[in-house]
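# generate coordinates for the sequence data below:
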Amino acid sequence: MNQLLEIITEKAPNIYQLKPEISQKNLINFCQTNKFQLCYLDGININNKQEFFQGCISAFKLPEYFGNNWDAWEDCLTDLSWFQAYSYLFYYHNYQNFATNSPEDWQILVAILQDTIAHWQRQNIPFFVILSA
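Residues are numbered from 1 along each chain as shown. Below you'll find the predicted structure:
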């Protein structure tokens, strides 16, 4: 938890890789204490784009109109009007399955996350991404 606390208090919003050091329950408590909206995704069974989108529907509480494609994903991430917060933490545990099995889609995802972070920085809303093996 010390690394995570250091990131959100001392570093700019970005994509960070961490070794798993915190349980999901403690992560939830951590985010409540630090006023972060947690979007937690366990990728243990995510190997492709469609499985990723299915996991994100619940992690981000995506609206019913979400189109299950990269454009819709980016549109939702830069809107989040149904999931408003002062700050966001997207914690993607076991991300390596998707990264390894769908490398092209993984690169698209990373680019969208970088654009999303920049979008929310312009709004003065921190959006951190933590990738945990």
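# quick one: list the elements packing against the helix or strand residue 73 falls within.
Applying DSSP states H and E as the criterion places residue 73 in helix 70-77. Under the contact definition 3 or more C-beta pairs under 8 Å, 6 or more residues apart in numbering; DSSP states H and E, helix 70-77 sits against helix 49-59, helix 103-122. Every residue, glycine included, has its C-beta placed from N, CA and C.
# list the buried ones in the last one?
Within helix 103-122, the residues that qualify as buried are 105, 106, 109, 112, 113, 116, 117, 120, counting by 16 or more other C-beta atoms under 10 Å.
# looking at it, residue 14 is touching residue 128, isn't it?
Yes: counting by C-beta atoms under 8 Å, residue 128 is a contact partner of residue 14 at 7.2 Å.
# please enumerate the shared neighbours of the two.
Here residue 14 and residue 128 have residue 117 as joint contacts, going by C-beta atoms under 8 Å, 6 or more residues apart in numbering.
# and those two? Which one has more around it.
Set side by side, residue 14 and residue 128 show unequal neighbour counts under other C-beta atoms under 10 Å, the larger going to residue 128 at 21 against 15.
# what sits up against the lowest-mean-pLDDT helix or strand in the chain?
Taking mean pLDDT, DSSP states H and E as the measure, the helices and strands of the chain show their lowest mean at helix 2-10, namely a mean of 89. Outside helix 2-10, the residues within contact range by C-beta under 8 Å, 6+ apart are 16, 18-19, 21-22, 27, 30, 34, 36, 87, 89, 126, 128, 130.
# show me what counts as buried in it.
The neighbour-count criterion (16+ other C-beta under 10 Å) identifies 4, 7, 8 as the buried residues of helix 2-10.
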